[in-house]
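Enquirer: predicted model, plus sequence, below.
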Amino acid sequence: MRWIKWICTTSLLLGMLQVSAPAKEGALPFQFNNRLRVEWDDNIYQAGTDPDGVEHDKTSSLKAIEEIEFTVNFNLENTFVSLRYRPSLVYWEKRDDDHWDFNHDVDFVFNHSFSPRLSLSLTDTLRRGEQPELVDGDLVVREEDDFYYNLAVLGLGYIIAPQTRVDVEGRNTLLRYDDSVTSANEDYIIWAGGLTLRQRVMPKTTVLGQGRYEDVSYDGADRGSKSVYLALGAEQNFSPNLLGSARGGYQRKMFNDDDLSSESSPYGDLSVTFLPSPATRLTGGAKYSLFEANIYPYASQKQAQMYLSLAYDVTARLAWYLTGSYTYSDYDQDTAVDVTTRDGVENIYQASTRATYKLNRNNWLEAGYQFVDFDSDLRESYKRNRVDVGWKIQL
């Protein structure tokens with residue numbers, strides 16, 4: 001098969017690079033990683049049962065994934081700059097329309113301290129995806145179309161007193177699809193700004209107050225809204241092995257469409273990190289809020305989520321990771337710009353596990369499994385299983 005020849009050629013080139021790598025080692029701020037994987041996907045079109053009860057046949061396929069990561073870090077006296085570019089090439093053995101996808105991930109980080117009290121941070125995340133998965137890792141549910149996604153965050157932090165800190169943050173989120181029909185309904189831009197005041201009341205306890213404003217605009221029908229968030233919270237170090245944080249408050253969302261009534265809702269976010277041993281890290285949490293809608297013609301959704309992750313170093317060479325999450329989304333016809341729309345809910349179950357084995361300083365073997373169960377009243381429901389094995393090189 002052509003894709004097997006492609007894998008062998010890539011592996012040979014990477015091996016040659018690895019042989020020459022020691023001569024280039026030094027204090028340079030550059031890093032190069034490569035991941036080469038073969039994956040079995042049992043539902044590449046994410047087919048299942050549509051809202052009318054019609055079942056669609058699943059298509060399975062082998063995939064070859066070549067992912068390169070270039071990272072540049074500059075750590076100066078008062079400034080840190082990092083740029084990461086991760087292109088990935090995917091070959092689908094049995095996909096009819098197009099066997100190849102070329103995706104791009106770019107991450108930029110800039111931190112600068114003007115003084116011991118005043119600091120600035122800027123981050124930007126850019127994603128370019130070809131025929132992406134409906135549900136990705138950050139739980140953004142997208143249409144099956146090529147897209148651009150960008151998130152830019154600008155923050156300013158100031159230490160008012162040794163125990164008091166204020167952070168001001170602004171962010172912009174942009175989603176753009178290539179297809180004109182999809183773009184007309186699903187493209188959006190979000191502007192948000194907020195302020196967080198933290199006060200350390202005890203050596204291991206910090207309380208905080210937050211306020212945030214958000215403006216969501218969709219292309220096409222006027223599904224936009226303006227939201228206000230107010231919350232109180234606390235961060236607690238119960239022990240060196242147990243950390244927790246909690247926030248709770250109030251949200252109010254005002255819709256741009258005059259025919260839609262404003263919504264109010266409680267807001268909550270809870271997370272706990274437990275380190276029972278130096279080799280084990282357990283993280284869990286839950287959150288609930290009003291959220292931007294990713295189904296036309298709804299203008300909002302109520303979303304609840306629970307998640308749990310485990311990282312365990314079995315030996316100095318062998319590491320194991322396990323993650324799981326459940327997301328519940330409630331779409332109300334009262335928040336839809338089309339009066340014929342009905343109520344509907346979506347349940348998303350995700351689980352994944354991965355094991356990595358360190359062969360030597362520069363080489364790792366990997367094996368993983370991913371599962372998604374997407375159950376929806378409003379669009380096609382499906383189940384998807386993926387198994388992969390791979391090789392990672394760090395140069």
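Expert: In hand now; what should we look at? Numbers count the residues shown, from 1 in each chain.

Enquirer: can you report phi and psi for the residue nearest to residue 335 when sequence neighbours are not counted?
Expert: For residue 335, ignoring the flanking residues on the chain, the nearest one in space by CB to CB, 6 or more residues apart in numbering is residue 300 at 4.5 Å. For every residue, glycine as well, the C-beta is placed using N, CA and C. Backbone torsions for residue 300, taken as degrees, to the nearest 10, come to phi -160, psi 160.

Enquirer: in this structure residue 300 contacts residue 265, no?
Expert: No - at 9.5 Å, residue 300 does not count as touching residue 265 under the criterion of CB atoms under 8 Å.

Enquirer: returning to that earlier point: burial count for the residue nearest to residue 335?
Expert: Close neighbours of residue 300, defined as other CB atoms under 10 Å, add up to 24.

Enquirer: residue 372 versus residue 350, what's the distance?
Expert: Distance of residue 350 to residue 372, given as CB to CB, to the nearest Å: 6 Å.

Enquirer: in this protein, where is pLDDT below threshold?
Expert: 1-27, 131-144, 221 (pLDDT under 70).

Enquirer: ranges for the helices of it?
Expert: Assigned helices in the chain, in chain order: 2-20, 180-186 (criterion: DSSP state H).

Enquirer: starting at the chain centroid, how far to the shortest one?
Expert: A distance of 22 Å separates the centroid of the chain from that of helix 180-186, by CA atoms, centre = their mean, to the nearest Å.

Enquirer: using CSV, write out every CA atom in that helix.
Expert: What follows is helix 180-186, C-alpha atoms only, in CSV (Å, rounded to 0.1, in the frame of the first residue of the first chain):
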residue,chain,number,x,y,z
SER,A,180,-20.4,29.3,2.3
VAL,A,181,-23.6,27.6,3.6
THR,A,182,-22.0,26.5,6.8
SER,A,183,-20.2,29.8,7.3
ALA,A,184,-23.5,31.8,6.9
ASN,A,185,-25.0,30.0,9.9
GLU,A,186,-22.1,29.0,12.1
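
Enquirer: what about the closest residue to residue 100 other than its chain neighbours, how many residues nearby?
Expert: Using CB to CB, 6+ apart and skipping residues adjacent in sequence, the residue nearest residue 100 is residue 91, 6.0 Å away. Look at residue 91: counted by other CB under 10 Å, it has 20 neighbours.

Enquirer: and for residue 114?
Expert: Residue 114, neighbours per other CB under 10 Å, totals 11.

Enquirer: what's the spacing between it and residue 157?
Expert: With CB to CB as the criterion, residue 114 and residue 157 are 10 Å apart.
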